[in-house]
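Peer 1: Got a sequence here, can you build the structure:
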Amino acid sequence: MENIIEIKNVTKEFKVLNRREGLKGSLMDLFSRDYKIVRAVDNISMNIQQGEIVGYLGPNGAGKSTTIKMMTGVLEPSSGEILVGGNVPYQNRAKNAQEIGVVFGQRSQLWWALPLIESFKILKDIYGVSDEDYDNMLNLYRSLVDIEPLLHKPVRQMSLGQRTLSDILAAFLHNPKIVFLDEPTIGLDVSMKAKIRTLIHALNQEKNTTVILTTHDMGDVDALCRRIVIIDHGKMLYDNDIEHLKGFFGSYRTLKVRPAGDIGEKAKLLAKELPEFSVTADDEWISVLVDEEKSKVLDVLSQIQKNHEIRDMQLQEISTEEVIKKIYEEGVE
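Peer 2: Here you go, the predicted structure:
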């Protein structure tokens, strides 16, 4: 398969002023030449094939948005080469924009006061979509989601979930080769998250659209991505499939216990009693991540039972979320 995106040894540096405190410092900064160089992206290389859904992951400030801005042509790299659909994005921004779709954060590309169908018609004219292709896309949308109640509803009257769904439909409307999705399910309820994940997967399968997904929600990653790329402090830590990544942590198990009493309070106590383990909690379970090369699960359970009454327990393989968390904290050798 052909590579739709080629990134080779790309680095992006920013010149940032060393600012001083206070009013006097602000006045001095007006004439200061005291700058430092911040390397937001550090020598990244990767190839992405047509039709892939790639999870582009990393903690806040890792360099994800900077990389995507270079792929969309908003920023020019300090060094290295980028080709998107055979184009150098920052040199051919108009042509590149014709072949990509974007949904970034909570910034909508829809017209706030207009019904959704009017926004679609404006985007149709902007991208030069033929009547036939436009009608085919609307029919495809109708087959995937119930959009009829939304088409004649002003965007300002939509819920967050409806607006996000509409933005994703708008991004795919001109049948782009690549769609960039930045946190598409942030702030949404479980039902709407499932609808949006199903929609993204269906559009990828139907149109063979390449999707670059940045997210902190591991549910998105598990549902959509076979391949993930992880960066931190501008450097690439990992580029492969999720199962291969979990292989690095094959000795880890998640011990889930449901103690008597308040889950939140019990989790705080267990975190103090088990300082060498990662202890997290949700509404029903307390999870303890155990490396069986260092500790036996039964020994950890016995230690918990000394001070707590356990009503139920489960043992699970390490989750994608725990794997990503450990990589953020420790990196990958």
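
Peer 1: For residue 70, which non-adjacent residue is spatially closest?
Peer 2: Leaving out its chain neighbours, the residue that sits closest to residue 70 by Cβ to Cβ, 6 or more residues apart in numbering is residue 77, at 5.3 Å. C-betas here are computed from N, CA, C, even on glycine.

Peer 1: From residue 185, how far off is residue 284?
Peer 2: As for residue 284, its distance to residue 185 is 22 Å (criterion: Cβ to Cβ, to the nearest Å).

Peer 1: count of neighbours near residue 115?
Peer 2: 17 (other Cβ atoms under 10 Å).

Peer 1: Can you list the low-confidence ranges for the stretch 51-200 of the chain?
Peer 2: Across the stretch 51-200 of the chain, the ranges flagged by pLDDT under 70 are 105-106.

Peer 1: Quick one: the strands in it, in order.
Peer 2: Along the stretch 51-200 of the chain, the stretches classed as strands by DSSP state E, counting those that start in this stretch are 53-57, 79-84, 100-104, 178-182.

Peer 1: CA atoms only for the first one, dumped as PDB, please.
Peer 2: Going back to what we said before, that points to strand 53-57. The C-alpha trace of strand 53-57 is given here as PDB (Å, rounded to 0.1, in the frame of the first residue of the first chain):
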ATOM      1  CA  ILE A  53      -6.400   4.800  11.700                       C
ATOM      2  CA  VAL A  54      -3.400   5.900  13.800                       C
ATOM      3  CA  GLY A  55      -3.700   6.900  17.500                       C
ATOM      4  CA  TYR A  56      -1.200   9.800  18.000                       C
ATOM      5  CA  LEU A  57      -0.700   9.800  21.800                       C
END
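
Peer 1: and that strand with strand 178-182, angle?
Peer 2: 30 degrees (axes from the mean of the first three to the mean of the last three Cα atoms, to 10 degrees).

Peer 1: what lines up beside the helix or strand where residue 14 lies in the sheet?
Peer 2: In this assignment (DSSP states H and E), residue 14 forms part of strand 3-17. Strand 3-17 sits in its sheet next to strand 35-49 (antiparallel), strand 79-84 (antiparallel), going by DSSP bridges.

Peer 1: Just the CA trace of it, in PDB.
Peer 2: The C-alpha trace of strand 3-17 is given here as PDB (Å, rounded to 0.1, in the frame of the first residue of the first chain):
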ATOM      1  CA  ASN A   3       2.200   5.900   2.000                       C
ATOM      2  CA  ILE A   4      -0.200   8.900   2.300                       C
ATOM      3  CA  ILE A   5       2.000  10.600   4.900                       C
ATOM      4  CA  GLU A   6       5.800  10.600   5.000                       C
ATOM      5  CA  ILE A   7       7.600  12.300   7.800                       C
ATOM      6  CA  LYS A   8      11.400  12.100   7.800                       C
ATOM      7  CA  ASN A   9      13.700  13.500  10.600                       C
ATOM      8  CA  VAL A  10      11.300  16.400  11.300                       C
ATOM      9  CA  THR A  11      12.200  18.900  14.000                       C
ATOM     10  CA  LYS A  12      10.300  22.100  15.100                       C
ATOM     11  CA  GLU A  13      11.900  24.700  17.300                       C
ATOM     12  CA  PHE A  14      10.400  27.900  18.700                       C
ATOM     13  CA  LYS A  15      12.200  31.000  19.900                       C
ATOM     14  CA  VAL A  16      10.700  31.900  23.300                       C
ATOM     15  CA  LEU A  17      11.300  35.100  25.300                       C
END
